[in-house]
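# make a model of this:
(2 chains)
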Amino acid sequence: MSEKIGVYVCHCGTNIAGTVDVENVAKWAAEQLKHRGVVIARDYKFMCSSTGQELIQKDIKELGLTRVVVAACSPHLHEATFRTACKNGGLNPYLCELVSIREQCSWVHTDKAAATEKSKAVVAGGVERVIWHEPLEPLLVPIHPATLVVGGGIAGIQAALEIADAGYHVYLVEREPSIGGHMAQFDKTFPTLDCSACILTPKMVQVGTHPNITLMSWAEVEKVDGYLGNFQVNIRQKARCVKTDLCTGCGICQEKCPKKVIDPVFEAGLGNRKAIYTPFPQAVPNYPVLDKENCTYFLKGKCKACEIFCPTGAIDFAQEDEIIQVDVGQIILATGWDLFDARRIPQYGYGRFANVYTNMEFERLSNAAGPTGGKIVLRDGVTEPKSVAIAHCVGSRDENYNKYCSNICCMQSLKFAHLVKERTGAEVYNCYIDMRTPSKGYEEFYNRLLEEGTHFIRGKVAEITNAPRIPEEEGKLIVQVEDTLIGKQRRIPVDMVILSCGLEPRHDAKEVGRLFGISCSADGWYIERHPKLDPVATMTEGVYIAGVVQGPKDIPASVAQGAAAAARALGKIQQKEVSIEPVRATVDQDKCSGCRICNNLCPFNAILFHEDLMVSEVNPALCQGCGTCVAACPAGAISGTVFSNEQVLGQLEGLLLLNVKRLEPELV
Amino acid sequence: MTDQFEPVIIGFTCNWCSYRAADMAGTSRMKYPPNIRLIRLMCSGRLDPTFILKAFAGGADAVLVSGCHPGDCHYIEQNYKALRRFHLLKRVITQMGIEPQRLKLLWASAAEGAIFTNEVTKFTEEIRALGPLNWPTSGDAEKMFAVPEQMAVQEVAA
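Model (predicted):
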């Protein structure tokens, strides 16, 4: 055993020393582990203090230590501290091992003798493990300065603008023909009631004209390869059938197109568009998209009205999808949400009763640019409702659908109540479970609604029916609800019901997550690195999330996350290269039998198979170091740094005191 | 210490959830018996079945395998691989004459210090009741320790 190991046992004041006899542990290590290479074992009040660290550094220099074991707190707290101390002492930082005798020993045990014995075993484990440590260098990875932003809603727009304004290139990919997302569909935004378009469209225009932003709408990401700093992304630019270099966005094609189609996306099914269309007049980019499924030419082989009337000859029926490959250093996902499908709650009658609306339908109904020009009317298009009920928590906070709170519905319902009252003077009933108005200015808005005379009924709507029991209910929708504040069942006859449907993860969130190597929570939202301290980073380095993809949130929070994700990306771009922990697997190609068992085990696709050599290879930059392949390799050809078989088995021997037991069998 | 049998339990935890659950138990000053000694891996997927067999061979009376909850794995889904190995190993150790109760699987998130504490306490008591691990062919205790050690050295050399 040629290693010279220093063992340092920390008192941590009384945190450790109160339960563990630290002097005894250090003395024991110096004596019983001497034959394993321990040349010095010390105990000290606070190892993490600068004097404690200097102690290690001094010993490295004077005693020529080649390995260091510190027995103190959890490695999650001070591993970096002691690695740096070793580095400053001239020892490779990865030749240091921090074993925990605080969180995993002194703090959880009460018997001092037993805790001391356990600490000895833990120290022995550290010593046996550190023998097998290897000097490592952190991997340096260059960062490509361009960033991909997926999703052109308000979160994606904000992220793209922040990065572009800082002088770096952004590819913004949007699935729909125009950016703007759900926010573009709204009329007013709570609690200030600013017009949504007035605050959003200037930002959209900025994105469209920014020299640092390449905007790809009507496009989807198809494939992602690479790792932090070096992603190769394949983007499918779906065929618009419009040559964007020739199109001026004059709109004549949409005017002349004879085919009207119900618009299920932007108009939420309430309004029409043409077969060649931009979803709304302020769309960015302003080039239309030809909907092949509904175009008369594609269905019947003739028409071509758009081509005939296009003044610049921009229509191209033969255009095909195109795959565009871009290189980016980092990725921000802001792919937003889907609306809960109200048909899933049959007793609410959506789809059966004409005048039961979803919240998105109502947004379009109340929008001045919407199908009714902002007139709040029933489905017949003319009658103003005299009474409106708003059902909260549709598909949210419900064991049968989604357990979570959708966050925005209370405020949105209050906004609806205000708009209905203001524009029609109708009686408005809000049926809520709890009112949740926790942000700046929100409670004030709620109070304002209370004063405006909106009725609030604390109770979840049980049923919406059109079966009258009394003459007053004739021809009305009847909302059956228990008013839990008075403890009575109520039947409220109304002309219109608005269902405040909750937010759901995108229907394809799981597949998209897999594409980018990130995972969804049980509810389907993408998992952040830390729910409080790292809400926009993900477990995959270089991939960030912003907006509702992370969980239901309102516009201000989405904007904040968009900007936060951009700041995270910019930080890495500024560094030009980043170092990553060298916890990696490697394949010994001489031992590899080419069985490919490891290939499918890797969740990061980091293992390549060389068909010509019939061996597998781990891409160190893609590898995240989980070690599953190391454990699975039947030939033992894969080894993992920092957690090698030798290191783990060494620690195991130490913990079981196998190498000291024979010297002193009565121990423990 | 009393005459009561004190088992030695080896616990394998993943770096992200279960080791942090143990951290959490510590910072919350929860209490559990000192019989368990933890080994931190990056992921429960790193758990080579050999580790468990070596632990039993080396004198552990029980082994705890702990990782992130299914669906919460830091490495997306590697804890499912640990789960598969766990079920297989349960059968293997049974065939070897080891009571299957000596191998336990525990999912614990970083927030579940209390669950970690309770389960470790329960497990320790179960093993204490079960008594020391007796290999069916067990003879001299000294011999028993020597054999695995030689095995370990051989593999290291290879």
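# neighbours of residue 113, just the number please.
Just going to use chain A. The tally of other residues near A:Ala113 (other Cβ atoms under 10 Å in any protein chain shown) stands at 12. Every residue, glycine included, has its C-beta placed from N, CA and C.
# that's the other chain; I wanted chain B
The number of residues packed near B:Gly113 is 23, by other Cβ under 10 Å.
# helix or strand: which one has the closest residue to it other than its chain neighbours?
The shortest distance from B:Gly113 to any non-neighbouring residue, by Cβ to Cβ, 6 or more residues apart in numbering or on different chains, is to B:Met24 (3.2 Å). In the assignment (DSSP states H and E), B:Met24 maps to helix B:18-27.
# contact residues of the stretch 101-250 of chain A facing chain B?
A:102-105, A:107-111, A:113-115, A:117-118, A:121-122, A:125 (Cβ under 8 Å from any Cβ of the partner chain).
# which PyMOL command selects the buried ones in those?
Of these, the buried ones can be selected in PyMOL as follows, counting by 16 or more other Cβ atoms under 10 Å in any protein chain shown:
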select buried, chain A and resi 102+103+104+105+107+108+109+114+115+117+118+121+122+125
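# can you give me the end-to-end distance of stretch A:633-640?
End-to-end distance of stretch A:633-640 (Cα to Cα, to the nearest Å): 11 Å.
# A:Ser387 and chain B, how far apart?
45 Å (Cβ to the nearest Cβ, to the nearest Å).
# I'd say that residue and A:Tyr429 touch.
Yes. Using Cβ atoms under 8 Å, A:Ser387 is in contact with A:Tyr429, at 7.4 Å.
# mutual contacts of the two, please.
Residues touching both A:Ser387 and A:Tyr429 (Cβ atoms under 8 Å, 6 or more residues apart in numbering or on different chains) are A:492, A:494.
# touching, A:Arg364 and A:Gly370? I think so.
Yes. Using Cβ under 8 Å, A:Arg364 makes contact with A:Gly370 at a distance of 4.2 Å.
# between those two, what contacts are shared?
What both A:Arg364 and A:Gly370 touch, as defined by Cβ under 8 Å, 6+ apart, is the set A:267, A:270-271.
# just the buried residues of stretch A:274-290, please?
Result for stretch A:274-290 [16+ other Cβ under 10 Å]: buried residues A:274-280, A:282-290.
# same deal with stretch A:461-474?
A:461, A:464-466, A:473.
# wait, which of these is closest to chain B?
Nearest to chain B among the buried residues of stretch A:461-474 is A:Val461, at 32.2 Å by Cβ to the nearest Cβ.
# quick one: pLDDT of the closest one?
Listed pLDDT for A:Val461 reads 97.
# what sits closest to it if chain neighbours are left out?
A:Ala391 (4.2 Å).
# which helix or strand lies directly C-terminal to the helix holding B:Met24?
Criterion used, DSSP H and E; the element after helix B:18-27 is strand B:36-41.
# pLDDT of that next one, averaged?
97.
# then stretch A:324-343?
pLDDT averaged over stretch A:324-343 gives 97.
# list the buried residues for it?
For stretch A:324-343, a neighbour-count test (16+ other Cβ under 10 Å) marks A:326, A:328-340, A:342 as buried.
# from the residues you listed, pick the one nearest chain B.
Closest to chain B, out of all of these and judged by Cβ to the nearest Cβ, is A:Leu333, at 15.5 Å.
# do a quick rundown of the strands in chain B.
Assigned by DSSP state E, chain B shows strands spanning B:9-14, B:36-41, B:62-67, B:103-107.
# can these go into a markdown table with extra columns for distance to chain A?
Shown next, in a markdown table, are the strands of chain B (distance: least, Cβ to the nearest Cβ, whole Å):
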| stretch | distance to chain A |
| --- | --- |
| strand B:9-14 | 6 |
| strand B:36-41 | 4 |
| strand B:62-67 | 10 |
| strand B:103-107 | 13 |
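# adding mean neighbour count, write those out as JSON lines.
JSON lines is the format used below for these (neighbours: other Cβ atoms under 10 Å in any protein chain shown):
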{"stretch": "strand B:9-14", "mean neighbour count": "26"}
{"stretch": "strand B:36-41", "mean neighbour count": "25"}
{"stretch": "strand B:62-67", "mean neighbour count": "28"}
{"stretch": "strand B:103-107", "mean neighbour count": "21"}
